[in-house]
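S.K.: build me a structure from this.
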Amino acid sequence: MIRKNADLLQYITEKLLKESEDTIIAQSFSSGEKIVDQKKRVFSVYIIKSGITKCYLTEDNGVDFIQEFFGEGEIFGELEAINGEVSFCCIEAINAVEVYKIEASYFDQLLEKDITFNKHILKALSKKLTYTAVRHAYNQSHTLEDNLLRLIHQFPTLIDKISKQDIANYLGITPRSLNRVLSTIKP
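M.R.: Down below sits the predicted model:
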């Protein structure tokens with residue numbers, strides 16, 4: 001549920017940060033602060049050093065649908081940097097978040113010149129695609145109860161770390177439905 005990428009974070013901190021002190025900048029965000037806004041131009045790529053963010057779309061009816069939760073080492077803004085398009089989602093800090101910020105032009109240079117970095121990014125993109133496909137297939141073929149039990153099993157402190165509203169938005173249900181299911185299951 002909370003995706004992490006220890007390999008990418010290690011590569012950034014042990015190799016790239018030492019070589020690119022002036023180009024890769026640490027930046028902090030408070031809980032509730034938007035890092036990337038939906039349908040806005042994105043000029044940087046971000047790699048989470050610490051904290052948790054949520055990646056979500058706000059639908060035409062005003063309802064938020066959470067795609068994923070990102071933890072340490074996860075990258076965002078890379079699709080916009082590669083495609084040169086506006087963001088299709090928001091990235092918002094759930095708690096205090098620290099990121100490494102890489103300007104899109106430097107990110108592009110790294111992709112061209114640093115084969116190891118390039119492989120880390122390709123691996124991160126393939127994991128995002130795989131995770132999304134598996135998640136949606138599971139959600140379509142299992143009951144809400146099964147989906148919630150699976151989340152709780154994978155992330156036992158789920159209710160303590162993530163609000164019920166965000167869990168409901170992740171599952172595509174209302175908080176009332178979530179509470180009803182929580183009262184009937186025993187993890």
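S.K.: neighbouring contacts of the helix-or-strand element of the chain with minimal mean pLDDT?
M.R.: For the chain, counting by mean pLDDT, DSSP states H and E, helix 17-19 ranks last in confidence among helices and strands (a mean of 75). The set of residues external to helix 17-19 that reach it, using CB atoms under 8 Å, 6 or more residues apart in numbering, is 24, 100. Yep, even glycine has a C-beta here, placed from its N, CA and C like the rest.
S.K.: same thing but at 6 Å, please
M.R.: Contacts with helix 17-19, where a contact means CB atoms under 6 Å, 6 or more residues apart in numbering, come from I24.
S.K.: mind checking how far E72 is from Y100?
M.R.: 11 Å (CB to CB, to the nearest Å).
S.K.: which one in this protein is furthest away from the centre?
M.R.: Going by CA atoms, centre = their mean, the residue of the chain most distant from its centre is T184, 29.5 Å out.
S.K.: re the thing from before, alpha carbons only: can I get the very next helix or strand once past the least confident helix or strand of the chain in CSV?
M.R.: For helix 17-19, the following helix or strand on the C-terminal side (DSSP states H and E) is strand 24-29. Provided in CSV are the C-alpha atoms of strand 24-29 (Å, rounded to 0.1, in the frame of the first residue of the first chain):
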residue,chain,number,x,y,z
ILE,A,24,19.8,18.0,-6.2
ILE,A,25,18.2,20.0,-3.5
ALA,A,26,16.5,18.8,-0.3
GLN,A,27,13.1,20.3,0.4
SER,A,28,10.6,19.9,3.2
PHE,A,29,6.8,19.9,3.2
